[in-house]
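Peer 1: Quick one, structure for this:
(chains A and B)
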Amino acid sequence: MKKIRYIFFISCFLLTACSEDNDRFLETVDVTFRFTQNWKGIPITASDFNEFKFTNQNGDLIGIERLRYLVSNITIGSVVKDYQLIDVGEGTGLEFFVDGVTKGLKTLNFTFGFTNEDNLEGSYQDLNSVSFNVPELLGGGYHFMQFDGKYKDHNNQDANFNYHVIRAADNTDPTNVILEDTSFEVDLGELELNSSTVIEIKMDVSEWFKNPNTWSLQQFNTRLMPNFGAQKLMEANGQSVFSLGEIKFN
Amino acid sequence: MKNIGIYLLIFFFLMRCSSKEEEVYTPVPYALEIPELFADKLIAPIIPSDNPLTEEGVALGKKLFSDKILSGNQTQSCADCHKVKEAFSDSAAFSLGAQGILGKRNSMPLFNLAWNFDERFAWDGKEFGLENQVIEPIVNPLEMHGDLKEIVKKLNEHNNYPALFQSAFGSSKISPDLVAKAVAQFMRTIISANSKFDNFLLGKSTLTVEEENGFNIFMSEEKGDCFHCHGSTNNPLWTDNKFHNNGLDERFIDLGLGAITGDPSDNGKFKTPSLRNLIFTAPYMHDGRFSTLEEVINHYSEGLQFSETIDPLMKSVHQGGVDLNEEEKAALKAFLLTLTDEEFIENPAFEN
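Peer 2: The predicted structure is shown next:
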């Protein structure tokens, strides 16, 4: 009986010791991602929708009515979140968290939209359920962004715009649709993580109309999904849209 | 040893209690048949954890759905304005209520309601959750004009209902909450997913050239651009279940969602109806203003009216619409009719 007790105490001691060693090497933190939107630094929320309160680089006065966008492969260190749909109007998907991020200096990056590899026709039930699909006539897969609203046209009339970002598709010949991956990687650099952290990722919506291509809504407003050239311009303008915002360490 | 005796005694009592309860209330879980396309493409249907489907609950809900006892003067049932043969809608633009007064909106078709993921029901999104939606027409003065206290009293005094509620919910004391739960259970079983187009997607049917052309018009942003609001092969509900102003009027008589939210930017917005079973659900729109599918297609082609809250997806509003030619209109109609589910309206499971 004495012997059994002895073995039991020794085992407990050894197991506890192993656990402490692991904790030292694999200490992890939670990371919350918070997506915010702004217009040249002025915050945008759903309460700013449906009013002509923004002017783009081209001088077009616009009102936002719907803004939802997709980011994928959100990577912090070695932890990857597959994808996230952010719907600003509905206030959904704006925030999510990942756990198990080991402490230390970590890289942060994500893809705007889906890369070709992930842009799989009809494969994501949650995205199908909110009708975020792209017609197969245009190569299928999913929208990267659905940004709808109104602008004042040359006659100062309210006119509609549908700034929909998708994988560029040239369907001039419907039997041979040419596709080009217009998703892009957003690299937000490195962060030192020592405790649970909230990371703000900012989207400056005005940049979609600005840099490097000054976007005229008088010229490009609706029916942009099948417009290969417009999709390429959107891809270029998207590169400067995202930036790192406030970092809060808990 | 003494302790073992006490444990056995407690165990024996617990077993007895349990057996007694089971004798009274043992509802059979209802196996909801989820259509293959829905299971493949969509997230799971909404079944509240406090109202799981049971055979007894669904059967009770079906009985209540067709029972005039739910109206104030016992002259009208839910089924009177939601007829199976009309895909659970009404061919009248406005239905007559129990008091003989005309309603103000067209009776909405009822199917695939468990896949309304936002859970906002009715043309104006007035009710959140199907259980709440069940109660609304019962008490609405323009519809069944019932008094819940009176209805519950009648049900409790009824020869059969207390026993049916007992077997469905384990309580013979009938409450408005249990009435709502039973009817909602039945409504979640009203599923339509067996149209020609469903079978085409499953590889069991083929489309004519005209139907295929119509589908391409539906899916083209340059032509019909219907898919943004009405779903696609990957969202076989054929509705986004959202609220849009689809350009019916310059000025609104009915504010729709705006009257519910109080937000002027929601004025003139109504729920997108599913395009399934259109052949059975005329007339169309929230006020039943269009009698035929041709009129509906003409509206989107050249009849759009501008108002401040018109959805940005209603492109070309200043040109009147998407400007389809006659051939394109006919093709679009042909495609829409492939969403007809004949079996659905003949399903004996829905008849009392």
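Peer 1: show me where chain A has strands.
Peer 2: A:28-39, A:42-44, A:54-55, A:61-76, A:79-87, A:95-102, A:104-112, A:145-152, A:158-165, A:168-170, A:178-180, A:184-193, A:197-204, A:242-249 (DSSP state E).
Peer 1: Output those in a markdown table, with mean pLDDT appended to each entry.
Peer 2: As requested, the strands of chain A are exported to a markdown table (pLDDT from 0 to 100):
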| stretch | mean pLDDT |
| --- | --- |
| strand A:28-39 | 98 |
| strand A:42-44 | 98 |
| strand A:54-55 | 98 |
| strand A:61-76 | 98 |
| strand A:79-87 | 98 |
| strand A:95-102 | 96 |
| strand A:104-112 | 97 |
| strand A:145-152 | 98 |
| strand A:158-165 | 97 |
| strand A:168-170 | 96 |
| strand A:178-180 | 96 |
| strand A:184-193 | 97 |
| strand A:197-204 | 98 |
| strand A:242-249 | 97 |
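Peer 1: Including distance to B:Met187 and mean neighbour count, could those strands go into a markdown table?
Peer 2: (C-beta placed from N, C-alpha, C; glycine too.) A markdown table is the format used below for the strands of chain A (distance: least, CB to CB, whole Å; neighbours: other CB atoms under 10 Å in any protein chain shown):
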| stretch | distance to B:Met187 | mean neighbour count |
| --- | --- | --- |
| strand A:28-39 | 36 | 19 |
| strand A:42-44 | 39 | 14 |
| strand A:54-55 | 43 | 18 |
| strand A:61-76 | 29 | 22 |
| strand A:79-87 | 27 | 17 |
| strand A:95-102 | 33 | 15 |
| strand A:104-112 | 41 | 17 |
| strand A:145-152 | 31 | 22 |
| strand A:158-165 | 35 | 23 |
| strand A:168-170 | 40 | 21 |
| strand A:178-180 | 42 | 15 |
| strand A:184-193 | 45 | 15 |
| strand A:197-204 | 40 | 20 |
| strand A:242-249 | 44 | 14 |
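Peer 1: Which helix or which strand is home to the closest residue to B:Leu313 other than its chain neighbours?
Peer 2: Ranked by CB to CB, 6 or more residues apart in numbering or on different chains and with sequence neighbours excluded, the top spatial neighbour of B:Leu313 is B:His228, at 5.0 Å. Assigned by DSSP states H and E, B:His228 falls within helix B:227-230.
Peer 1: and that helix, how far out from the chain's middle?
Peer 2: 18 Å (CA atoms, centre = their mean, to the nearest Å).
Peer 1: mind listing what the residue lying closest to A:Glu180 once chain neighbours are set aside touches?
Peer 2: Distances taken as CB to CB, 6+ apart place A:Ala168 nearest to A:Glu180, at 4.4 Å, with adjacent residues excluded. With contact taken as CB atoms under 8 Å, 6 or more residues apart in numbering or on different chains, A:Ala168 is in contact with A:Leu179, A:Glu180, A:Asp181, A:Thr182, A:Phe228, A:Gln231, A:Lys232, A:Glu235.
Peer 1: Which of those sits closest to chain B?
Peer 2: A:Gln231 (12.1 Å; CB to the nearest CB).
Peer 1: Tell me the confidence at that closest one?
Peer 2: On pLDDT, A:Gln231 comes in at 98.
Peer 1: Any idea what the spatially most central residue of chain A is bridged to?
Peer 2: The residue lying closest to the centre of chain A (CA atoms, centre = their mean) is A:Val71, at 2.8 Å. Under DSSP bridges, the beta-bridge partners of A:Val71 are A:Gln84, A:Phe112.
Peer 1: Run a quick neighbour tally on the residue nearest to B:Leu313.
Peer 2: 25 (other CB atoms under 10 Å in any protein chain shown).
Peer 1: Is it in contact with B:Pro312, as I believe?
Peer 2: No: taking CB atoms under 8 Å as the definition, B:His228 is not a contact partner of B:Pro312, at 9.9 Å.
Peer 1: Can you lay out the strands of chain A as TSV showing distance to A:Leu138?
Peer 2: Listed next are these as TSV, based on distance: least, CB to CB, whole Å:
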stretch	distance to A:Leu138
strand A:28-39	26
strand A:42-44	28
strand A:54-55	28
strand A:61-76	16
strand A:79-87	19
strand A:95-102	29
strand A:104-112	18
strand A:145-152	14
strand A:158-165	10
strand A:168-170	4
strand A:178-180	9
strand A:184-193	19
strand A:197-204	24
strand A:242-249	25
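Peer 1: what's the closest of those to B:Tyr30?
Peer 2: For the strands of chain A, the distance to B:Tyr30 is smallest for strand A:79-87, at 32.0 Å, taking CB to CB.
Peer 1: what packs against the closest one?
Peer 2: strand A:28-39, strand A:61-76, strand A:95-102 (3 or more CB pairs under 8 Å, 6 or more residues apart in numbering or on different chains; DSSP states H and E).
Peer 1: could you give the angle of it to strand A:61-76?
Peer 2: Calculated by axes from the mean of the first three to the mean of the last three CA atoms, to 10 degrees, strand A:79-87 forms an angle of 160 degrees with strand A:61-76.
Peer 1: Let me know the angle separating strand A:79-87 from strand A:28-39.
Peer 2: Going by the same axes, to 10 degrees, strand A:79-87 makes 30 degrees with strand A:28-39.
Peer 1: Could you check how far strand A:79-87 is from the centre of its chain?
Peer 2: Strand A:79-87 sits 7 Å away from the centroid of its parent chain (CA atoms, centre = their mean).
Peer 1: Would you mind listing the residues in contact with the spatially closest residue to A:Lys152 that is not a sequence neighbour?
Peer 2: Distances taken as CB to CB, 6+ apart put A:Leu61 closest to A:Lys152, at 4.6 Å, once the chain neighbours are dropped. By CB under 8 Å, 6+ apart, A:Leu61 lies in contact with A:Phe52, A:Phe54, A:Thr55, A:Tyr151, A:Lys152.
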